[in-house]
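Student: for reference, the sequence and a predicted model appear below.
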Amino acid sequence: QKEVEQNSGPLSVPEGAIASLNCTYSDRGSQSFFWYRQYSGKSPELIMFIYSNGDKEDGRFTAQLNKASQYVSLLIRDSQPSDSATYLCAVRGPSKAAGNKLTFGGGTRVLVKP
Amino acid sequence: GAGVSQSPSNKVTEKGKDVELRCDPISGHTALYWYRQSLGQGLEFLIYFQGNSAPDKSGLPSDRFSAERTGGSVSTLTIQRTQQEDSAVYLCASSLNRGQETQYFGPGTRLLVL
């Protein structure tokens, strides 16, 4: 079992719709969770981070964390063609055991169609 | 600098040669990370430096890989006797590391071993 799992996609959504991305992780002690966006041929850029259970909203993006179920999700509202990219979920484990390294999922490719 | 910089941006080498990849983190960031991303794959942690502490080398795939960080700033990742499976994008990231800080990525070095 991979430590961080994502559906590879592609997730195809029409422009203006909501894109819903999911990520599950295996280490119950994980403390912080990140969503990065990566355009083809580019490096990852941070979209959001979340530490506490519940929802966190930032513009068109909402991250949702459920530690009991060990999943974190990302919602993209009013999806735009410019949102077409690969979205990487990253998890940081308990600081003493895992240091500050991030464990990444394989990414979900999102395609927003005009 | 304004962001993490890496050089070279692209490197083509012959199997068996040694290569050095450079990373210059964001000014003031004490933590530095190296990751590798193979074609179509997620990011794989390689090594992590934090201040003057011993680096976390747990992700280095073999003893052909080594890294150093001089003066707490610039880091060099060295791959000796390169193999074709070393072909990947090597990404460097840095963070303030005063808690659960976000990692910011450089543009990466695309390595191709022929």
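Tutor: It's in. Residues are numbered from 1 along each chain as shown, chains lettered A, B, ... in the order given.
Student: so where's chain A uncertain?
Tutor: Judged by pLDDT under 70, chain A has its weakly predicted residues at A:1, A:94-100.
Student: and it, which residues reach chain B?
Tutor: A:4, A:31-32, A:34, A:36, A:42-46, A:49, A:51, A:88, A:90, A:92, A:99-107 (C-beta under 8 Å from any C-beta of the partner chain). C-beta: built from backbone N, CA, C; applies to glycine.
Student: show me the contacts for the residue nearest the centre of chain B.
Tutor: Centre of chain B computed as the mean C-alpha position; nearest residue by C-alpha atoms, centre = their mean is B:Trp34, 3.2 Å away. Taking C-beta atoms under 8 Å, 6 or more residues apart in numbering or on different chains, we find B:Trp34 in contact with B:Cys23, B:Phe45, B:Leu46, B:Ile47, B:Tyr48, B:Ala67, B:Ser75, B:Leu77, B:Tyr90, B:Leu91, B:Cys92.
Student: local confidence estimate at the fourth one?
Tutor: Right, B:Ile47. On pLDDT, B:Ile47 comes in at 93.
Student: SS state for it?
Tutor: Following DSSP: H, G, I helix; E, B strand; the rest coil, the label given to B:Ile47 is strand.
Student: isn't it right up against B:Arg36?
Tutor: No - the criterion here is C-beta atoms under 8 Å, and B:Ile47 misses it with B:Arg36 at 10.1 Å.
Student: got any residues that touch both of those two?
Tutor: Joint contacts of B:Ile47 and B:Arg36 (C-beta under 8 Å, 6+ apart) do not exist.
Student: what backbone torsions are found at residue 18?
Tutor: Just so you know, I chose chain A. Note on A:Ile18: backbone dihedrals following degrees, to the nearest 10 are phi -100, psi 130.
Student: that one and A:Gly54: what is the separation?
Tutor: 18 Å (C-beta to C-beta, to the nearest Å).
Student: between these two, tell me which one has more neighbours.
Tutor: Shown here are A:Ile18 and A:Gly54; by other C-beta atoms under 10 Å in any protein chain shown, A:Ile18 has more neighbours (12 against 9).
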